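Chemist: Just the structure for this:
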Amino acid sequence: MIGRNKEIAELEELYERNRAELVAVYGRRRVGKTYLIEQVFKNRFSFRHAGLSPIEHEKNGMLSAQLHHFYNSLRTFGREETDEPTNWLDAFFMLQQLLEKKDDGSRQVVFIDEMPWLDTARSGFITAFEGFWNNWGCHRENLMVIVCGSANSWMQDKLINNHGGLYGRVTYEIKLIPFTLAECEDFFKQNNISITRYDIAQSYMIVGGIPYYLGYFKRGLSLAQNVDNLFFNSDAKLKFEFDRLFQSALSSPELAKSVVNFLYNRNAGYTRAEITTGLGIKDGGAITSCLNALVAGDYIIKYVPFGMKKKQEHYKLVDPFCLFYLRFVSGRSSLDNDFWVQSVKSRPVEVWRGLAFENLCFNHIAQIKKALGISGVITRQSAWSKRSDDEEGVQIDLLIDRNDNVINMCEIKFYSDDFTVDKDYYRVMLRRQDILLKMVSKTTAIHSTLITTFGLKHNEYSGVFTNAITLEELFD
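Modeler: As a prediction, the model looks like this:
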């Protein structure tokens, strides 16, 4: 298995404990939750079940279909043939009976995958699961129940942060996040795909660190050919993935897509008020749930831009797949075979690379901090721009505001060679430093930092940068 060392160790430690465990594993769709649990426990399941996707089934018959499917799983794991359950209370009582019959004193692992899908309208699922756990499961020292789901808001609201009968019942939670650049590189190596770090970075800028998407890359093809296979050829593997992301994982998929489409329009993001005004919707519980779900799923981040107050929080779209899809795939009346192969050197793609690399850096703040030697320093990260009527505006790709009285003013450049600072660019950097210095205390130092692919070419102007970070360090 690639990466996931921390999560594997946590799951094994939980397995060895002599106490009842209710473990919640969540993360965005395609990130590898099911694969992780299957690889850790393999043949150690006493019972496992996966909910049926609401996309492929009629809503009116979902409760009956879910119960029938659950009964089939019970039969698969040794339940004798009986009448099928007609409600979730009976279904979980049948599970209880099965586990009691199989109990030999050893650890029993129950895995319920895509749990949010089981909670159909007016099904009473949560009440039944609450009864199963509170009345029976939590008293079984050898029982370990793992519940999993891609609907992160459901996992958090209905389970982890439940204010009813399941309040405080989850004994451990694991949020599975996308691969880092280093883990993407390990994935390609394990699959014998020869690819440079320069192209691995571009693959991340297109599909993010999502193992499922990376699994479609084929040996012997260039990066551009693989991208065409994923998005642009007639049988493109991810042609419909954008809609599926939201349909299966969010309670209000159309609202979520509207928010994501709106956030795409500004790299720095928007405030909540700007989002509701821009979409023409009320500022209420629906948008709160939607934004929380998108943050929980790592599609967007919430941050306060430098120099602004808490109430001016911005929401910024950071999911590479969504950003790429909305820029090059969405809205096209037809997709041309070999589009990416023919476009890799075009101006629109060059512009996209610059923005996408900025986003990659936002997703690798830990690696940037390590390269700067400040891993242990508390920081706040944001993009920053300043507009004024009496002077030319200024925009800074990334500011790292540190608790040790230093601000790293980061310039992010995706280049195919060493980056060269000329006289004009040198003057631009000095001006940005001067503007920023006027906004901070006299005890704060500004460190101009370059984050680029290969490095900084030294000349008479390169000293404007205090630090230079390359791809090699982002792969650390």
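
Chemist: Sketch out the low-pLDDT regions of the stretch 351-476 of the chain for me.
Modeler: Applying pLDDT under 70 to the stretch 351-476 of the chain flags residues 387-393.

Chemist: just the helices in it please.
Modeler: 365-372, 423-437, 471-474 (DSSP state H, counting those that start in this stretch).

Chemist: which stretches of the stretch 151-300 of the chain form strands?
Modeler: Along the stretch 151-300 of the chain, the stretches classed as strands by DSSP state E, counting those that start in this stretch are 172-175, 270-271, 300-303.

Chemist: Now do the first one: everything it contacts.
Modeler: Strand 172-175 is contacted by residues 7, 10-11, 14, 21-27, 152, 160 when judged by Cβ atoms under 8 Å, 6 or more residues apart in numbering. Using the backbone N, CA and C atoms, a C-beta is placed for each residue, glycine as well.

Chemist: quick one on the thing from earlier: want to try a markdown table for the helices of the stretch 351-476 of the chain, with distance to residue 341 as columns?
Modeler: Shown next, in a markdown table, are these (distance: least, Cβ to Cβ, whole Å):
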| stretch | distance to residue 341 |
| --- | --- |
| helix 365-372 | 30 |
| helix 423-437 | 32 |
| helix 471-474 | 23 |
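
Chemist: returning to what we had before: and the contacts of strand 172-175, which of them are in strands?
Modeler: If you go by DSSP state E, those have 21-26 in strands.

Chemist: Show me which of these is closest to residue 183.
Modeler: residue 25 (17.8 Å; Cβ to Cβ).

Chemist: Count the residues that sit near residue 222.
Modeler: 13 (other Cβ atoms under 10 Å).

Chemist: give me every residue that touches it.
Modeler: Counted by Cβ under 8 Å, 6+ apart, residue 222 has contacts residue 341.

Chemist: how much space is there between it and residue 193?
Modeler: 11 Å (Cβ to Cβ, to the nearest Å).

Chemist: ditto for residue 376
Modeler: 36 Å.

Chemist: More neighbours: which of those two?
Modeler: Legend: neighbour count by other Cβ under 10 Å for residue 376 and residue 193, higher for residue 193 (17 against 8).

Chemist: What is the neighbour count of the residue lying closest to the more buried one once chain neighbours are set aside?
Modeler: In this structure, residue 193 finds its nearest non-sequential neighbour in residue 219, 5.2 Å apart by Cβ to Cβ, 6 or more residues apart in numbering. Around residue 219 there are 11 other residues, counting by other Cβ under 10 Å.

Chemist: Touching, residue 219 and residue 189? I think so.
Modeler: No: counting by Cβ atoms under 8 Å, residue 219 does not reach residue 189; the two are 11.6 Å apart.

Chemist: any residues in contact with both of the two?
Modeler: By Cβ under 8 Å, 6+ apart, no residue touches both residue 219 and residue 189.

Chemist: Looking at the helices of the stretch 351-476 of the chain, which is nearest to residue 33?
Modeler: helix 365-372 (21.4 Å).

Chemist: ok, and what's touching the closest one?
Modeler: So helix 365-372 is contacted by 180-181, 361, 375, 377, 379, 381, 400, 408, 410, 449, 451, 467, 469, 473-476 (Cβ under 8 Å, 6+ apart).

Chemist: how about a cut-off of 6 Å?
Modeler: For helix 365-372, contacts defined as Cβ atoms under 6 Å, 6 or more residues apart in numbering pick out 375, 381, 469, 473-474, 476.

Chemist: For the residue nearest to residue 190 when sequence neighbours are not counted, which residues are in contact?
Modeler: Among residues not flanking residue 190 along the chain, residue 2 sits closest, at 6.3 Å (Cβ to Cβ, 6+ apart). By Cβ under 6 Å, 6+ apart, the contact list for residue 2 reads 183, 186-187.

Chemist: Only the buried subset of those, as a ChimeraX command please.
Modeler: A single ChimeraX command selects the buried members of these (16 or more other Cβ atoms under 10 Å):
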select :183,187
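
Chemist: Take the contacts of residue 2 and keep only those in helices.
Modeler: Secondary structure defined by DSSP state H assigns 183, 186-187 of the contacts of residue 2 to helices.

Chemist: which one of these is nearest residue 272?
Modeler: The closest of the ones in helices among the contacts of residue 2, once distances to residue 272 are taken by Cβ to Cβ, is residue 183, at 32.9 Å.

Chemist: residues contacting the closest one?
Modeler: 2-3.

Chemist: any low-confidence regions in this protein?
Modeler: For the chain, the ranges with pLDDT under 70 are 56-60, 248-249, 333-335, 387-393.
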